[in-house]
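> Okay, predicted coordinates and the sequence, questions at the end:
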Amino acid sequence: MLRALMSLVEDLTVAREEDGLLRSTLEHAVEALDLAGGLTLLLEPEGDLVGAAEHHFGPGVDSAKKLGAEALARGGPVVQELSPAGRLAATPLRARQQDLGALVLHDTRTEEPPLDEDLLEALGRQIGNGIENVRLYAELRTSSARVEILHRITAAVTSGTDLHAILPAFAAELASLHSFERLACGFVNDTGDYIEMVSHPEETSWGLGAVLPVVGSGPGFVALNNRAVLQHDLVHEHRYLEDMRLLEEGLRAYVLLPLSRRGQAIGVLALGSSKSGAFDEQTLARLQPLADSVAIAFENVRLFQKTRQLSITDEVTPLHNFRYFHQALDRELKLVNRYGSTLSLVFVDLDRFKPINDQYGHLRGSRTLREVGFLIRAAVRETDIPARYGGDEFVVVLPQTDGDSARVLAEKLRSLIEEHTFLQEEGINARLGVSLGVATYPEEAKTKEALIRLADARMYEDKGSRKTGR
């Protein structure tokens, strides 16, 4: 008896994995007590006993499960005589008054008395405590690993001040918790009518582009209700506006998690996979606490972006302001000097704008300027830098663009603006003219000031040649 218990103590102080613990304790118990074999059974959440470790066990597993269940029901050891010779002994595996399973031992020594019940109870308690300890160790190790991952994920989110820049690092860390192929993070805009989404990989979007309506979209539902959405298979169910597009792009399943602060959703985290059933309720249970942890960090990045954007954006139009125009032009001119490239500048001045201001008021004048800003943004390239210069004057910096290409784009701007009908929804239906000036650095102007003067002068020449009034 002492030898068996000492062997178990050694196992319990060394083993760190449950499978190894069950095998070694069973083997030592069987060998130390000079038995024929044994079987360790574990109790599943549903209440069934399943074999977890076996050592030279001859009798049937079903009979061992039956005897183990009897020992659990009794709360103590049970001995069953076998025919023609030998016996089975079963004892509960317990820890802190909780049943974990049963130990069943096979004894073929007919000349020996049955195993002592105190010994069987002691074996059951020792093995039960050992099982609980390795499970607690595994939980601690898992918890520690998750804490480390969470620290890395939080560090990734707080490592930058731009959502586009931090999303790849965030996605790489999050992939260690659950596999996915697309990730998106979105926030409701100030007016509350749409969600601005940033996606990873960079060339992807969440179905309908960078902007999703709040009403009718999955991310919108999550933001409005502060409740996660789990989509098992898009082939069989389409609930939201973007679902068909996501399916066309190869996604089969997704999960949408609210980014919450003080019980209110401030955004949404979306994960998509090409595999049906890639996400389940366990995914929600595992990832929602993480989403809650990084929500504030994400919002801080977003607020920083918004503040920075306000500092460089014109207060009336969706274009950059006068201050940012000069900063950007300085930067681009340095690049031209460094790499020996070229740059063009386009001045745009509106004709027939003053009568709109005088007749319909400054509010409608501002709306007209805003419409012009949207037309300019739609016409230029992503690498171009459009800005409001002041009043009804606009400028566009065209990096790596020669004079001929710049004049083509300038005429495109003229056509877009002059062919557009402004203030249609108010029944005013105003039309504007456009005067243009184009200058190129360093071919036509050697300094920033000379470039601006030349483009401005050519704009006035164009205005004079068109004989249009302000």
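Received, thanks. Remember, it's a predicted structure, so these values are computed and weren't measured experimentally.

> Dig out what the closest residue to Pro201 other than its chain neighbours forms beta bridges with.
Among residues not flanking Pro201 along the chain, Arg182 sits closest, at 7.3 Å (C-beta to C-beta, 6 or more residues apart in numbering). Quick note: C-beta positions are derived from backbone N, CA and C, even for glycine. Beta-bridge partners recorded for Arg182 (DSSP bridges): Gly272.

> Would you mind measuring from Arg182 to Leu290?
Look at Arg182 and Leu290: by C-beta to C-beta, to the nearest Å, they are 17 Å apart.

> And for Arg252?
In this view, Arg252 and Leu290 are 23 Å apart by C-beta to C-beta.

> can you give me the offset of stretch 230-243 from its chain's centre?
Centre-to-centre, stretch 230-243 and its host chain are 18 Å apart (C-alpha atoms, centre = their mean, to the nearest Å).

> domain ranges for this protein?
2-138, 163-309, 322-466 (automatic domain parsing).

> of those, which approaches Glu315 most closely?
Of all these, domain 322-466 sits nearest to Glu315, with 9.0 Å by C-beta to C-beta.

> how long is the closest one from one end to the other?
27 Å (C-alpha to C-alpha, to the nearest Å).

> and it, what's its mean pLDDT?
Across domain 322-466, the average pLDDT comes to 93.

> which residues of the stretch 201-350 of the chain fall in helices?
For the stretch 201-350 of the chain, the helices defined by DSSP state H, counting those that start in this stretch occupy 218-225, 243-248, 281-312, 322-339.

> would TSV of those with mean neighbour count and distance to Ala175 be doable?
Putting these into TSV (neighbours: other C-beta atoms under 10 Å; distance: least, C-beta to C-beta, whole Å) gives the following:
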stretch	mean neighbour count	distance to Ala175
helix 218-225	22	21
helix 243-248	16	19
helix 281-312	15	12
helix 322-339	14	35
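
> Going by mean pLDDT, which of these comes out lowest?
Among the helices of the stretch 201-350 of the chain, helix 281-312 scores lowest, at a mean of 75.

> can you pull out the strands in the stretch 151-300 of the chain?
Applying DSSP state E, counting those that start in this stretch to the stretch 151-300 of the chain gives strands spanning 182-188, 194-200, 211-213, 229-231, 253-261, 264-273.

> could those go into a markdown table alongside mean pLDDT?
Listed next are those as a markdown table, based on pLDDT from 0 to 100:
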| stretch | mean pLDDT |
| --- | --- |
| strand 182-188 | 89 |
| strand 194-200 | 87 |
| strand 211-213 | 84 |
| strand 229-231 | 95 |
| strand 253-261 | 91 |
| strand 264-273 | 90 |
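
> And those: which comes nearest Arg407?
Nearest of these to Arg407, taken as C-beta to C-beta: strand 211-213 at 32.7 Å.

> Next, the buried residues of that closest one.
Leu212 (16 or more other C-beta atoms under 10 Å).

> again, but for stretch 345-359
For stretch 345-359, by 16+ other C-beta under 10 Å, it's 345-353, 356-357.

> Can you check the distance spanned by it, start to finish?
Where stretch 345-359 begins and where it ends lie 32 Å apart, using C-alpha to C-alpha.

> Kindly report the same for stretch 78-90.
In stretch 78-90, first residue to last residue: 5 Å (C-alpha to C-alpha).

> and it, how far out from the chain's middle?
Distance, stretch centre to chain centre, for stretch 78-90: 58 Å (C-alpha atoms, centre = their mean).

> And Ala228, its phi and psi?
Per-residue torsions, Ala228: phi -70, psi 150 (degrees, to the nearest 10).

> was I right about it contacting Arg286?
No: contact between Ala228 and Arg286 fails when scored by C-beta atoms under 8 Å: they sit 11.8 Å apart.

> Show me the one of the strands of the stretch 151-300 of the chain that comes nearest Leu375.
Comparing these against Leu375 with C-beta to C-beta, the closest turns out to be strand 211-213 (18.5 Å).

> May I see the helices of the stretch 201-350 of the chain arranged in JSON lines, with distance to Leu123 as well?
JSON lines is the format used below for the helices of the stretch 201-350 of the chain (distance: least, C-beta to C-beta, whole Å):
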{"stretch": "helix 218-225", "distance to Leu123": "53"}
{"stretch": "helix 243-248", "distance to Leu123": "57"}
{"stretch": "helix 281-312", "distance to Leu123": "35"}
{"stretch": "helix 322-339", "distance to Leu123": "77"}
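
> Among the ones you listed, which comes closest to Glu237?
Minimum separation from Glu237 across these (C-beta to C-beta) falls at helix 243-248, 7.9 Å.

> Using CSV, write down the CA coordinates of that closest one.
The C-alpha trace of helix 243-248 is given here as CSV (Å, rounded to 0.1, in the frame of the first residue of the first chain):
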residue,chain,number,x,y,z
ASP,A,243,-23.7,39.3,-47.8
MET,A,244,-24.0,38.5,-51.5
ARG,A,245,-20.9,40.6,-52.3
LEU,A,246,-18.9,38.9,-49.6
LEU,A,247,-20.0,35.5,-50.9
GLU,A,248,-18.9,36.5,-54.5
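
> hmm, back to that, make JSON lines from the domains of the chain and add distance to Glu315 to it.
Putting the domains of the chain into JSON lines (distance: least, C-beta to C-beta, whole Å) gives the following:
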{"stretch": "domain 2-138", "distance to Glu315": "58"}
{"stretch": "domain 163-309", "distance to Glu315": "12"}
{"stretch": "domain 322-466", "distance to Glu315": "9"}
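
> Can you say which of those is nearest to Val316?
Nearest of the domains of the chain to Val316, taken as C-beta to C-beta: domain 322-466 at 5.0 Å.

> Quick check, Glu393 in contact with Phe353.
No: using C-beta under 8 Å, Glu393 is not in contact with Phe353, being 10.0 Å away.

> model confidence over the helix or strand harbouring Ala138, on average?
Assigned by DSSP states H and E, Ala138 belongs to helix 117-157. The average pLDDT within helix 117-157 is 74.

> same thing with stretch 29-38?
pLDDT averaged over stretch 29-38 gives 89.

> Centre of the chain to it, how far?
The chain centroid and the centroid of stretch 29-38 are separated by 53 Å, computed with C-alpha atoms, centre = their mean.

> how about it: buried residues?
Judged by neighbour count using 16+ other C-beta under 10 Å, the buried positions of stretch 29-38 are 29-30, 32-33, 35-38.

> First residue to last residue on it, what's the distance there?
In stretch 29-38, first residue to last residue: 8 Å (C-alpha to C-alpha).

> switch to numbering from 9
Happy to do that; since the first residue is 9 now, the last one works out to stretch 37-46.
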